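Student: next come a sequence and a model predicted from it.
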Amino acid sequence: QVQLVESGGGLVQAGGSLRLSCAASGRTFSNYAMAWFRQAPGKEREFVAAVNWRAGSTFYAASVKGRFTISTVNAKNTVYLQMNSLKPEDTAVYYCAATNTNRYYNVDAYDYWGRGTQVTVSS
């Protein structure tokens, strides 16, 4: 059974940092891309960042580029999202997801999802 389990969310002041983790299990993910999405109250789920596990290529939404970094530790089947210079508009539930397509930005392309972790940035 495939599981994606997020952790690391919390409350932080604007300008602060958080690191999210996603532990993946239940199958081999070497041919997958892993991504982070987020969803704020009343808004649609939006793409944040993705990494192609085999190639190591990374992709970012314009709103987080330069502030967030996605990375993997293959031996641990874990994906991280380092979030720096956080802003109140980054407040959302952050979800980890996996896709075996190259449609990294498209929420519908993802087969597996975690339950999410709340990130709240106070001003």
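Tutor: Arrived safely, thanks for sending.
Student: who touches the helix or strand of the chain with the lowest mean pLDDT?
Tutor: Every helix and strand of the chain was ranked by mean pLDDT, DSSP states H and E. The lowest is strand 68-73, at a mean of 94. Residues outside strand 68-73 that contact it (Cβ atoms under 8 Å, 6 or more residues apart in numbering): 34-36, 48-51, 53, 56, 58, 60, 78-84. Placement of C-beta: from N, CA and C, glycine included.
Student: centre-most residue in this protein?
Tutor: Residue closest to the average C-alpha location in the chain (Cα atoms, centre = their mean): residue 36, at 2.0 Å.
Student: and the gap between that one and residue 104?
Tutor: 11 Å (Cβ to Cβ, to the nearest Å).
Student: need the residues touching each of those two.
Tutor: Counting by Cβ under 8 Å, 6+ apart, the shared contacts of residue 36 and residue 104 are residue 50.
Student: related to what we said a few turns ago, grab the nearest non-local neighbour of the residue nearest to the centre of the chain.
Tutor: residue 48 (4.3 Å; Cβ to Cβ, 6 or more residues apart in numbering).
Student: likewise residue 35?
Tutor: That would be residue 50: by Cβ to Cβ, 6+ apart, it lies 3.7 Å from residue 35.
Student: tell me the bridge partners for that neighbour.
Tutor: residue 35, residue 59 (DSSP bridges).
Student: now do the strands in the protein.
Tutor: Assigned by DSSP state E, the chain shows strands spanning 3-7, 10-13, 18-25, 33-39, 46-52, 58-60, 68-73, 78-83, 92-99, 112-113, 117-122.
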